[in-house]
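# Generate coordinates for the sequence data below:
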Amino acid sequence: MLIESNPVANASAEGNAADRVEWFRDLGLGLFIHWSVDTQLGSDVSHPLVGASQDFVERYYDELPRRFRPRRFDPTEWAELADLAGIRYVVFTTKHHNGFCMFRTATTERHVGNTPFGRDTTAEILDAFREHGIAAGVYFSPDDFAWLWEHDMPIQRSIPSVQPAANPGLMELAKAQITELLTEFGPVDLVFFDGEAEGLREHAWATDPGVVVTRGALPTPEQYIPGQPIDGAWESNLTMGTQWTYKPTNESYKSGTRLIEILIETRAKGGNLLLNIGPKPDGTIPVEQEARLQELGLWMFVNREAIYATRPWVVTNEGELWFTASKDAKTVYVVVTGERWKWGERREFVLRSIKATELTEVSILGQSGQLMEYRPELDVTPRWEQTEAGLVVSALNAQRLYNDKKWPNPVVIKLTNVDPAAEPTRISTVDASWEEVSSTVSVGVAVLARGSSESVLLGAEYQDITGMDTMERPDEWTPTELVAEVDTGVRAVFPAEPGRLYAVRALGRTALLDVRGPELKIRTSGTASN
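Prediction:
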């Protein structure tokens, strides 16, 4: 049995300058770009090298660089699309685990300058995005499969023997490459270390004290959003489909609406969203990804005020109403998700976490609140009333964004000069244990603060994450039975298989909303059944 704390919960911001961390939090929305020589194959970037045959590895490093000819590569088009989508920073994969550098470097022969393409993709991408006012960031993998292969070491990850800290030569190589990236490619604002960052993040800060290290110093949950807000800066990074690099077939994409909802939930919980694209081998953006960025761009054009430079409200949401707030907490943005708010429809909402003042005003982002096309007789004025049940807001959706009047995405209500009307409930995931006799996992759940809730139902949620990447998670969590709290805590139990790795977290249900505790990981002992 092994219990592992979630690295998201334990990450530290030490080393990042405080003012730069706050700058990073204000950005809200970033663009991840996964692109390397293996994009030609439409395969998962780098990972097929783990456990590969010698013949496969030789052909990978010999043939793929010789075939790299992205004839339609135009980073200005990428930057223009990102700017339209409301992107505020970019993170480009300068070197993935395969060890191939997508920048010209003096440290190795395995770089983009030695391909038929020849151009420095990293330099061109960062320059193009900077020209559009988008902060420049670099992804860098401390793992280097090419270095391992060249030194007759098995290609693998997540074990100490292959990390830079255990290999002075690899550490020297990685530091030299970080130095190049931070000194020869214009101002680089962000570094994302996808692997063991010890020694490298310190080197990055020594090279440029103003650089913000995200993964390696801040929580960066991958392919999921944490169940509870994380104190301080953090970043969720995820794909539009199922793969980071271009996947020409067998791919399924999230809808534009779902991606917008993910952005909303991430910001409501205080994080940034780093949304990934995977360009095609010819250097163009797949039409499916371009379309989703355009849909996101329309939503951001209307509602960006609720995303940039905002912080969490006292609660993340009341059902399908999600909240962000101004830094002084006097303005709250109510993002209406769920059922489509029809054009011309007036809806009424009762908000229990917000209290009006004499100066409170209400509006809908993007709308004047004065008229509606083709319906001059309608009263479209937003209204509010403070009642014993809560703050009642009444508003009409009067903006026609689609010709068919069926815009499916969230509408945002803006409330100014308001006060909190509730205190949040906070719970904790105390521990987790494997009960071999009963083949169950038991999770300790405790109430840290009841807040404004008179009672809390407690339980847990779990996922089988066996064989997944360090930060990867499935989309869905399975809940246990919820029971009334006993002496501020309970133990939740779920059936489990031996020899598996589970992610678990506390779950609490109040009259206002569901709350969750930090995630733990537990590995059950024994041998898994077939």
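
# Go ahead and report the secondary structure state at the residue lying closest to residue 45 once chain neighbours are set aside.
Nearest in space to residue 45, with sequence neighbours left out and distances taken as CB to CB, 6 or more residues apart in numbering, is residue 245 at 4.3 Å. Glycine gets a C-beta too; all of them are placed from N, C-alpha and C. In three-state terms, and counting by DSSP: H, G, I helix; E, B strand; the rest coil, residue 245 is coil.

# how close does residue 245 sit to residue 210?
From residue 245 across to residue 210, the span is 30 Å (CB to CB, to the nearest Å).

# Compare these two (neighbour count), which wins?
Shown here are residue 245 and residue 210; by other CB atoms under 10 Å, residue 245 has more neighbours (26 against 13).

# Surely the more buried one and residue 37 touch.
No: proximity of residue 245 to residue 37 does not meet the contact threshold set by CB atoms under 8 Å, at 10.4 Å.

# From residue 297, how far out is residue 254?
Taking CB to CB, one finds residue 254 at 16 Å from residue 297.

# ok, now residue 502?
39 Å.

# got it, and residue 437?
Applying CB to CB to residue 437 and residue 297 gives a distance of 56 Å.

# So the two - more neighbours on which side?
Shown here are residue 437 and residue 297; by other CB under 10 Å, residue 297 has more neighbours (19 against 5).

# Now for this structure, the helix or strand with the poorest mean pLDDT.
helix 7-10 (a mean of 39; mean pLDDT, DSSP states H and E).

# Downstream of that one, the next helix or strand is which one?
Under the assignment DSSP states H and E, the closest C-terminal helix or strand after helix 7-10 is helix 18-27.

# Does anything pack onto that next one? Which helices or strands?
In terms of contacts (3 or more CB pairs under 8 Å, 6 or more residues apart in numbering; DSSP states H and E), helix 18-27 is packed against strand 212-213, strand 272-277.

# Distance of the closest residue to residue 326 other than its chain neighbours relative to residue 290?
Distance criterion CB to CB, 6+ apart; nearest residue to residue 326, sequence neighbours excluded, is residue 310 at 6.6 Å. As judged by CB to CB, residue 310 and residue 290 stand 27 Å apart.

# of the two, who's got more company?
More crowded of residue 310 and residue 290, by other CB under 10 Å: residue 310, with 22 against 16.

# Do I have it right that the more buried one meets residue 25?
No: checked against CB under 8 Å, the pair residue 310 and residue 25 is beyond contact range at 9.1 Å.

# any low-confidence regions in the stretch 201-350 of the chain?
Along the stretch 201-350 of the chain, the model assigns pLDDT under 70 to no residue.

# all strands for it, in order.
Using DSSP state E, counting those that start in this stretch, the strands of the stretch 201-350 of the chain run over 212-213, 235-238, 272-277, 317-318, 321-325, 331-336, 346-351.

# And the third one, what does it pack against?
Spelled out, that is strand 272-277. helix 18-27, strand 29-33, strand 235-238, helix 256-268, helix 287-303.

# contacting residues around residue 37?
64, 65, 67, 68, 98, 100, 115 (CB atoms under 8 Å, 6 or more residues apart in numbering).

# Can you tell me the SS state at the first one?
Using three-state DSSP as the criterion, the local structure at residue 64 reads helix.
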